[in-house]
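Visitor: Below is the structure, and that's it, no one-letter string:
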């Protein structure tokens, strides 16, 4: 599995330069936690990593290619799971159907039942999405990541609305993913039980010069 690298990154969002000269390097088995106050650029950086927006400067690539991820988006998307703030749960579909809908786009033979069990929502498998709480919808969204393989998980505040049991289940899933050589980038304000992780503070790359805003 190749490394995932970012070099000299800068991003302009919301009428200002959010960060500049940012770099990172993830190897198989690595976990990178993003820290910083609201507005510091954590979500922006994750979207840049996911290839959803382009940086103002710098580049992101896989170590087995000299191309930026934007130059080979199919390769990048095939290696990546991105989880944002929204939980796209369809109201009329059951929990199982929601997870299957998303994961079959990536892995037709995905194990939906096992993913629901790992994240603790097997008893809700036949419940329509319209009857789920915010925390249950978040678990459904997490289950689609667990049910189909991807080298890199990009998780934006994934612990929001989760109770203690669900938080523990997600931490366990992250540990299992990294043990198999996977990589994880997660933004969170919470203190986690994950061991042997790196930390990236977005405030270290903030732009203070008002002439650059």
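Guide: In hand now; what should we look at? Given the structure is predicted, the values throughout are model-derived calculations rather than measurements.

Visitor: do you know how far residue 194 is from residue 167?
Guide: Distance from residue 194 to residue 167, counting by CB to CB, to the nearest Å: 11 Å. All C-beta spots, glycine's among them, are computed from the backbone N, C-alpha and C.

Visitor: Kindly tell me how buried the nearest residue to residue 124 once chain neighbours are set aside is, as a neighbour count.
Guide: Closest residue to residue 124 apart from its sequence neighbours, by CB to CB, 6 or more residues apart in numbering: residue 95 at 4.9 Å. If you count neighbours by other CB atoms under 10 Å, residue 95 ends up with 26.

Visitor: now residue 92
Guide: When neighbours are defined as other CB under 10 Å, residue 92 has 9 of them.

Visitor: same thing with the one 10 residues further on?
Guide: The local packing count at residue 102 equals 21, with neighbours defined by other CB under 10 Å.

Visitor: shouldn't it be in contact with residue 142?
Guide: No. Shown here, residue 102 and residue 142 do not form a contact pair, counting by CB atoms under 8 Å, at 11.3 Å.

Visitor: before we move on, the earlier item: the residue nearest to residue 124 touches residue 132, doesn't it?
Guide: Yes. With contacts counted by CB under 8 Å, residue 95 reaches residue 132, the gap being 7.3 Å.

Visitor: what's the overlap in contacts for these two?
Guide: 124, 140 (CB atoms under 8 Å, 6 or more residues apart in numbering).

Visitor: Could you check stretch 161-180 and say which residues are buried?
Guide: Neighbour-count burial for stretch 161-180 flags 162, 166, 169-170, 173-175, 177-178 (criterion: 16 or more other CB atoms under 10 Å).

Visitor: Ignore what I typed, I meant stretch 77-84.
Guide: 79-84.

Visitor: Which strand residues bridge residue 10?
Guide: Here residue 10 sits in beta bridges with residue 57, going by DSSP bridges.

Visitor: residue contacts, the residue nearest to residue 124?
Guide: 116, 121, 124-127, 129, 132, 136, 140, 143.

Visitor: same question, residue 147
Guide: So residue 147 contacts 99, 103, 107, 110-112, 114-115 (CB under 8 Å, 6+ apart).

Visitor: so how far is stretch 174-184 from its chain's centroid?
Guide: 13 Å (CA atoms, centre = their mean, to the nearest Å).

Visitor: With stretch 147-159 instead?
Guide: 4 Å.

Visitor: Endpoints of it, how far apart?
Guide: This stretch, stretch 147-159, spans 18 Å end to end (CA to CA, to the nearest Å).

Visitor: State the distance from residue 135 to residue 51.
Guide: In this structure, residue 135 and residue 51 are 29 Å apart, going by CB to CB.
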